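Enquirer: coordinates only, no sequence provided:
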RNA sequence: UGGGGCGUCGUCAAGUGGUAAGACACCAGGUUUUGAUCCUGGCAUUCGCAGGUUCGAAUCCUGCCGCCCCAACCA
């Protein structure tokens, strides 16, 4: 679009999901003059969460990758819950994710005047009326899912009266709820949303952007399509629960004054994101904050964008996660592990490795004199991260190691420290534990160790091996710090499924410890959003709110994956593959009514198989095709099969009694099929043309070149060539990979230009492949 | 219950009549001064179930089963 050069469209890879298919085909068909405009339309009444991130990424990337754009629009049509605070936080969150709406920032409220005019126009054309029923009356007169609603007694008010009332509504002459504006829909519609949907309601409440200008506000179903159309949106993407609203969306677009609309957008729905062990609903998130279960909307345990940001997750990780999750229409719940994995993948190449002991146990190096400092060079990066850089780490007499890295009685396969054992201190020396000092309560207070000066850097001169490598920090030179280790917010995968969701809260979703960090890391913590990997512990960064130079506070962003856990604490793995119940009860096929049964029997008498006959009588337009074709000489079985299995699909949206072809033409096609002149595939190709244009089946066969080749002598060399050209697959097939059969059939059919008789081809293949 | 959707590996998800992609998880080996990373290999004879059509069906037809959404003056 010429007026919007703001979004670089080249950098974004094209997605491959179903919405991308729709956009691509719209562009190919030249709809919207090839333009693609999407929008992200949050209501400013809460903070954005990771579910919104999916919607944001989807809409922005879809727009950008097809050379279009994506708008940010605030759907602020309900003044009672909305505020500027949310407008600001949402903008910040979208920007943080890396998206830019350029000049295309909109507010539904900026369109209020236009919407009002459009509503007036609807009233003038008799398509909307002012209803003065109470809310309760409106509800009860709407009917139920199985019963039609009843018309409002006010439905037939004159245009003049409607106009007058609506203007008075706007003027503030009425109390909340006194009147509403409704569209004249269909009170008997199966889709409840179409039963005279509400367009406007009275709300004597000031609006966060419009002030006291309005006291009537448009409803979502009226406002949303208009916002889209007024902005020039082409593809309006939302979540599955709006599927039922699509009909009104279209109604509004179709019935409103067309000259005011920039585009005629269409709505498409995708499945919202769900993740295990957390909640995503605004209501539940608000409760967590308001009841103090978390410290705020940006608490690092929250699935909010603000929470993730404060936790230290980078937007790149979120975007990668959304990409991995995919996009479809099936309700689903993503494994929480996928998010963690995405965060680790991102940080693995971003975070320099440093050492921090999160739960210190004192170690005294007996043979290193007090005051002596061995400075050791330590790389910031492991061998497989292509980055360079290192720092000096002090090794002194008093050290700290992780309390859980020592076991007085080591379990099997223990690769850490234990009495008498030797381990390597990373980048440092080998040490051996010689003495364990306990306090009066029996708790281990200190380990007395010796170090081997000849192992400086971590390699022994004599080639002796050590059972493991531990991270450590000099207690003399290290810096104390607070560590906040976050775990899953909830202890069950589906919070609230069996009880109040608050009872499912994980009591250990935050563990605070006091540790010690090496000096080099301490001095760069908090600088330029510095993230670290604390070796063998996880990824951390300084909390942006609570950490300071004098009092370091680190958030654990995500732990490292570990294939080791203490046997006693080993978390029970997910219940292993409880394979689904293979059998399920099969339902009964409903009985045919006596009339239909008689009709079916008559068709059976004509030669139709029983199952086909029952289907043929199920729709009035179906049976004539069968009887007509049989009357024209078609074999009953072929005719019924064609009508039942193929005709309707080939007809598409065209009613069967409006097709241009005739039962006689169908009969001719049956004859070709029966005579083996064409394959079933060729028959379908002909049928597709027949329903569109009609004509002679045999003429079409000649025209389309579909006449079947059935002579084995002609086909054999072609099949032989296919096998010769695919020797590797032949070997694999003979080696037992029988699935390749389909590959050969496909190849053989292609080799014959689609004309080879599949039956003969199959026989040849059987013979030649053995 | 009427209507609208959706069922493909433990979890997501491609595939629309011709070899059941890929990712995460998992398992087994290898590298490793992080029990991490990385590398290699394995991981759906079968697509909710049952019939039918077809040389050939996850894909077409019929029926059934299961889950989600809709009866706010919320969005």
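Expert: Thanks, I have the structure now. All of these numbers come straight from a predicted model, not from anything done at the bench.
Enquirer: now the terminal residues of stretch A:413-427, how far apart.
Expert: 23 Å (C-alpha to C-alpha, to the nearest Å).
Enquirer: how about that stretch: buried residues?
Expert: For stretch A:413-427, the neighbour count (16 or more other C-beta atoms under 10 Å) marks A:414, A:416, A:417, A:418, A:421, A:422, A:423, A:424, A:425, A:426, A:427 as buried. Every C-beta, even on glycine, is put in place using the N, C-alpha and C of the backbone.
Enquirer: so which of these is the closest to RNA strand B?
Expert: Nearest to RNA strand B among the buried residues of stretch A:413-427 is residue A:426, at 4.1 Å by C-beta to the nearest atom of the strand.
Enquirer: and the gap between the closest residue to RNA strand B within the stretch 551-700 of chain A and residue A:596?
Expert: Nearest to RNA strand B in the stretch 551-700 of chain A, going by C-beta to the nearest atom of the strand, is residue A:587, at a distance of 1.7 Å. When distance is defined by C-beta to C-beta, to the nearest Å, residue A:587 is 19 Å away from residue A:596.
Enquirer: go on, residue A:43?
Expert: According to C-beta to C-beta, residue A:43 and residue A:596 sit 51 Å apart.
Enquirer: so which of residue A:587 and residue A:596 has more stuff around it?
Expert: residue A:596 (15 against 6; other C-beta atoms under 10 Å).
Enquirer: would you mind giving the buried residues of stretch A:413-427 as JSON lines with pLDDT and secondary structure added?
Expert: Formatted as JSON lines, these follow (pLDDT from 0 to 100; DSSP: H, G, I helix; E, B strand; the rest coil):
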{"residue": "A:414", "pLDDT": "93", "secondary structure": "coil"}
{"residue": "A:416", "pLDDT": "96", "secondary structure": "coil"}
{"residue": "A:417", "pLDDT": "97", "secondary structure": "strand"}
{"residue": "A:418", "pLDDT": "97", "secondary structure": "coil"}
{"residue": "A:421", "pLDDT": "95", "secondary structure": "coil"}
{"residue": "A:422", "pLDDT": "96", "secondary structure": "strand"}
{"residue": "A:423", "pLDDT": "97", "secondary structure": "strand"}
{"residue": "A:424", "pLDDT": "98", "secondary structure": "strand"}
{"residue": "A:425", "pLDDT": "98", "secondary structure": "strand"}
{"residue": "A:426", "pLDDT": "98", "secondary structure": "coil"}
{"residue": "A:427", "pLDDT": "97", "secondary structure": "coil"}
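Enquirer: show me what counts as buried in the helix or strand where residue A:640 lies.
Expert: Residue A:640 belongs to helix A:636-642 when assigned by DSSP states H and E. For helix A:636-642, burial by neighbour count (16+ other C-beta under 10 Å) applies to A:636, A:638, A:639, A:640, A:641, A:642.
Enquirer: the last one: what's it in contact with?
Expert: Spelled out, that is residue A:642. Residue A:642 makes contacts with A:629, A:666, A:669, A:670, A:673, A:683, A:687, as judged by C-beta atoms under 8 Å, 6 or more residues apart in numbering.
Enquirer: turn those residues into a markdown table, including secondary structure, pLDDT and distance to residue A:755.
Expert: Below are these laid out as a markdown table (DSSP: H, G, I helix; E, B strand; the rest coil; pLDDT from 0 to 100; distance: C-beta to C-beta, whole Å):
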| residue | secondary structure | pLDDT | distance to residue A:755 |
| --- | --- | --- | --- |
| A:629 | helix | 96 | 25 |
| A:666 | helix | 95 | 22 |
| A:669 | helix | 96 | 17 |
| A:670 | helix | 96 | 20 |
| A:673 | helix | 95 | 15 |
| A:683 | helix | 94 | 13 |
| A:687 | helix | 95 | 17 |
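Enquirer: now the residues you listed as JSON lines including distance to RNA strand B and neighbour count?
Expert: JSON lines is the format used below for those (distance: C-beta to the nearest atom of the strand, whole Å; neighbours: other C-beta atoms under 10 Å):
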{"residue": "A:629", "distance to RNA strand B": "15", "neighbour count": "28"}
{"residue": "A:666", "distance to RNA strand B": "14", "neighbour count": "28"}
{"residue": "A:669", "distance to RNA strand B": "13", "neighbour count": "29"}
{"residue": "A:670", "distance to RNA strand B": "11", "neighbour count": "26"}
{"residue": "A:673", "distance to RNA strand B": "8", "neighbour count": "22"}
{"residue": "A:683", "distance to RNA strand B": "9", "neighbour count": "22"}
{"residue": "A:687", "distance to RNA strand B": "11", "neighbour count": "22"}
